[in-house]
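>>> how would this look folded up:
(one chain, ligands or ions: 1)
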Amino acid sequence: MKYHIVQLGCQMNISDGERVQKTLDKMGFEATENEEEANLLGVIACSVRQKGINKVYSRVSKWNKWKHKKNLITFVSGCVLPADKDQFLKLFDLVFNMSDLSELPTMISQYGIVSPAGMQTLDSGFEDLDYSKKKSINPAEFRLLNVEQEKKKSSSTLVKNENIEEFWHIIPKYGSGFEAFIPIQNGCDKFCTYCAVPYTRGREVSRPSTEIIRELENLVNLGYKSITLLGQNVNSYGLDKNGDEINFAELIEIIGQYGDKLEHDFWLYFTSPHPQDMGNDVLEVIAKYKCLAKQIHIPVQSGDDTVLKSMNRNHSLEKYRSIIKSIRRILPEATIFTDIIVGFTGETDEQFNNTKKIMAEFKYNMAYIAQYSVRPGAVSSKWEDTVDKETKKKRFHELTEELVKTSLEHNKTMIGKTYKVLVRGKDRKKGYLSSLTEGKLIVRFASDDESLIGEYVIVKVNSVVAFSTEGELIQTLSDK
Ligand code: SF4
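Residues are numbered from 1 along each chain as shown. Next comes the predicted model:
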């Protein structure tokens with residue numbers, strides 16, 4: 001029996017999807033890219049934009065039309081707002097919070113008849129499976145039970161993460177053999193006004209550090225070379241445990257010490273930290289250890305204090321400036337990436353110009369610039385979207401021009417230098433491979449040796465444009 005999953009949204013959803021896939025693989029299902037040959041169809045939803053949620057509705061209405069001719073079970077999980085959840089319960093067979101993933105096998109096996117032909121064929125595939133956590137839910141009642149549970153939950157708008165620890169125990173089916181993400185926390189306590197994550201993922205919960213380190217050591221032993229600690233606010237890691245867990249600086253220090261003892265290398269990244277919780281302790285630890293990558297992604301969102309306030313970012317521009325200064329002082333070789341929203345509700349020309357000024361001042365290597373759009377469920381969705389589309393587009397292009405300048409300026413300093421890079425795949429340019437430096441800058445080089453993918457090599461940079469560089473292969477480094 002085959003399954004097909006539609007994954008929408010950010011790295012967090014992709015990481016969650018890897019655990020969903022592993023759960024289904026363990027049940028004996030086989031993944032397929034072709035949704036038409038699957039009997040189990042699922043969506044990992046994203047509520048960041050209405051467009052994403054519309055995609056979920058269109059997919060499930062197509063799948064539901066197939067039900068009269070084949071046996072199908074549909075499910076949805078991921079970032080789902082309470083209002084959409086109520087609708088999804090009418091459209092999908094199974095709707096669950098990601099933290100309840102460990103119950104998915106029970107839900108599927110006990111779901112019962114979903115089409116006139118019944119699910120006998122599907123049931124037969126479950127015979128040899130180990131349901132150590134099997135709970136006795138009457139299939140006929142499952143859906144009703146869920147509706148009742150969801151009705152109760154709708155009185156509270158926040159998702160509860162009671163089973164998140166069980167979710168983290170599931171070993172994911174990593175999408176790559178050399179790059180992996182490790183979730184270290186779930187949820188968010190920050191409540192930025194443009195964002196619905198606290199309502200879809202609930203409050204911040206930190207994963208036990210022992211488990212994080214175990215997962216990391218396992219990946220490193222398997223030869224993974226780029227590992228990213230993932231969370232909505234990684235640097236507030238541990239704070240929800242009131243002293244019963246180490247903090248983020250301590251977590252990466254343990255990883256740094258572990259990396260120092262190894263004979264082979266890996267690079268550890270994290271995303272995203274929040275400026276409010278970013279202290280020099282984290283930067284000082286990164287400076288000490290070779291495996292802690294010298295690349296910092298620190299979202300600024302706006303260069304104007306009034307806009308930051310209306311976004312409820314809980315820090316001033318001055319605080320952010322002090323972080324950038326610390327990065328430049330403690331980690332002079334680090335590349336700096338950011339996220340910016342242009343055209344947020346009420347953003348004036350003058351306020352936008354303040355953002356433009358910080359682009360020139362902070363000289364980012366990369367900025368992910370978004371034109372503000374109303375995000376359903378977020379606080380700002382109740383406010384008038386005052387900046388018109390054309391203005392947003394214009395501001396987007398102006399910031400991109402600034403970014404092109406700073407990226408190019410930095411990349412020019414790379415010419416003639418050699419870099420250790422991780423080869424990630426074939427480049428769009430024929431006969432070339434694409435790689436990333438430790439600072440996540442792109443270097444393409446001429447080679448058709450695909451055995452280098454997933455390996456470190458040394459390249460010399462010969463020419464650059466904004467956002468990417470081109471070089472030549474100097475040396476291969478296989479440390480497998
Ligand atoms: S910090 Fe803000 S933007 Fe990030 S997940 Fe939390 S509420 Fe959303």
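>>> Give the next helix or strand downstream of the host helix or strand of Leu268.
Using DSSP states H and E, Leu268 maps to strand 267-271. Where DSSP H and E defines the elements, the next helix or strand beyond strand 267-271 is helix 280-288.
>>> Return the alpha-carbon coordinates of that next one using CSV.
C-alpha atoms of helix 280-288 as CSV (Å, rounded to 0.1, in the frame of the first residue of the first chain):
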residue,chain,number,x,y,z
ASN,A,280,27.0,37.2,23.7
ASP,A,281,27.2,33.8,25.5
VAL,A,282,25.9,32.1,22.3
LEU,A,283,28.3,33.9,20.1
GLU,A,284,31.3,33.3,22.4
VAL,A,285,30.6,29.5,22.4
ILE,A,286,30.3,29.5,18.5
ALA,A,287,33.7,31.2,18.4
LYS,A,288,35.3,28.4,20.5
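>>> Contacts for that helix, please.
Applying Cβ atoms under 8 Å, 6 or more residues apart in numbering, the external contacts of helix 280-288 come out as 235, 248-249, 252-253, 256, 273, 292-294, 296, 326-327, 330-331, 334. No exception for glycine: its C-beta is placed from N, CA and C like everyone else's.
>>> Does Cys188 lie in a helix or a strand, and which?
Cys188 belongs to no helix or strand, assigned by DSSP H and E.
>>> before we move on, the earlier item: buried residues of the strand holding Leu268, list them for me.
267-271 (16 or more other Cβ atoms under 10 Å).
>>> what do you get for stretch 301-316?
Of the residues in stretch 301-316, those with enough neighbours to count as buried (16+ other Cβ under 10 Å) are 301-305, 307-308, 310-311, 313, 315.
>>> Show the contacting residues for Pro208.
Pro208 makes contact with 165, 245, according to Cβ under 8 Å, 6+ apart.
>>> Ok, Tyr194 next?
Residues near Tyr194 by Cβ under 8 Å, 6+ apart: 311, 341, 344, 372, 375, 378-380.
>>> Could you export the residues you listed to a markdown table, including columns for secondary structure, pLDDT and distance to the ligand?
As requested, these are exported to a markdown table (DSSP: H, G, I helix; E, B strand; the rest coil; pLDDT from 0 to 100; distance: Cβ to the nearest ligand atom, whole Å):
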| residue | secondary structure | pLDDT | distance to the ligand |
| --- | --- | --- | --- |
| Met311 | coil | 96 | 8 |
| Ile341 | strand | 97 | 10 |
| Phe344 | coil | 96 | 12 |
| Tyr372 | coil | 94 | 13 |
| Arg375 | coil | 83 | 9 |
| Ala378 | coil | 89 | 8 |
| Val379 | helix | 93 | 10 |
| Ser380 | helix | 93 | 11 |
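>>> buried subset of the residues you listed?
Buried among those (16+ other Cβ under 10 Å): 311, 341, 344, 372, 375, 378-380.
>>> Can you tell me which of the buried residues of strand 267-271 lies closest to Tyr320?
Of all the buried residues of strand 267-271, Thr271 has the smallest distance to Tyr320: 16.9 Å, by Cβ to Cβ.
>>> The closest one: what's it in contact with?
Thr271 is in contact with 11, 228-230, 234, 297, counting by Cβ under 8 Å, 6+ apart.
>>> Just grab the bridge partners of it for me.
Here Thr271 sits in beta bridges with Leu230, as judged by DSSP bridges.
>>> any idea how far it is from the ligand?
11 Å (Cβ to the nearest ligand atom, to the nearest Å).
>>> sorry, back to before: now, the most widely separated pair of the contacts of Tyr194?
Spatially, the most separated pair among these is Ile341 and Val379, at 14.1 Å (Cβ to Cβ).
>>> contacting residues for the spatially closest residue to Lys294 that is not a sequence neighbour?
Closest residue to Lys294 apart from its sequence neighbours, by Cβ to Cβ, 6 or more residues apart in numbering: Ala334 at 4.2 Å. Going by Cβ under 8 Å, 6+ apart, Ala334 touches 286, 294-296, 327-328, 439.
>>> related to what we said a few turns ago, want to try CSV for the buried ones among the contacts of Tyr194, with distance to Lys392 as columns?
Below are those laid out as CSV (distance: Cβ to Cβ, whole Å):
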residue, distance to Lys392
Met311, 15
Ile341, 10
Phe344, 9
Tyr372, 6
Arg375, 14
Ala378, 17
Val379, 19
Ser380, 14
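>>> So which of the residues you listed is the closest to Asp448?
Asp448 has its nearest neighbour among the buried ones among the contacts of Tyr194 in Ile341, at 40.9 Å by Cβ to Cβ.
>>> I figured the closest one hits Tyr368, correct?
No. Between Ile341 and Tyr368 there is no contact under Cβ atoms under 8 Å: 9.8 Å.
>>> Can you pull up the residues of the chain that come close to the ligand?
Counting by Cβ under 6 Å from any ligand atom, the residues of the chain close to the ligand are 188, 190-192, 195, 197-198, 232-233, 274.
>>> Among those residues, which ones are in helices?
Mapping the residues of the chain next to the ligand onto helices (DSSP state H) picks out 197-198.
>>> ok so, going back, inside helices: which ones of the contacts of Ala334?
286, 327-328.
>>> Now, of these, which are buried?
Buried members of those, counted by 16+ other Cβ under 10 Å: 286, 327.
>>> The residue of the stretch 201-350 of the chain found nearest the ligand: how many residues sit nearby?
Relative to the ligand, the nearest point of the stretch 201-350 of the chain is Gln232 (3.9 Å; Cβ to the nearest ligand atom). Taking other Cβ atoms under 10 Å as the criterion, the count of residues near Gln232 is 22.
>>> got it, and Ile330?
The tally of other residues near Ile330 (other Cβ under 10 Å) stands at 15.
>>> Without its sequence neighbours, what residue ends up closest to it?
Leu283 (4.3 Å).
>>> so Gly238 makes contact with Leu251?
Yes. Look at Gly238 against Leu251 with Cβ under 8 Å: they come within range, at 7.1 Å.
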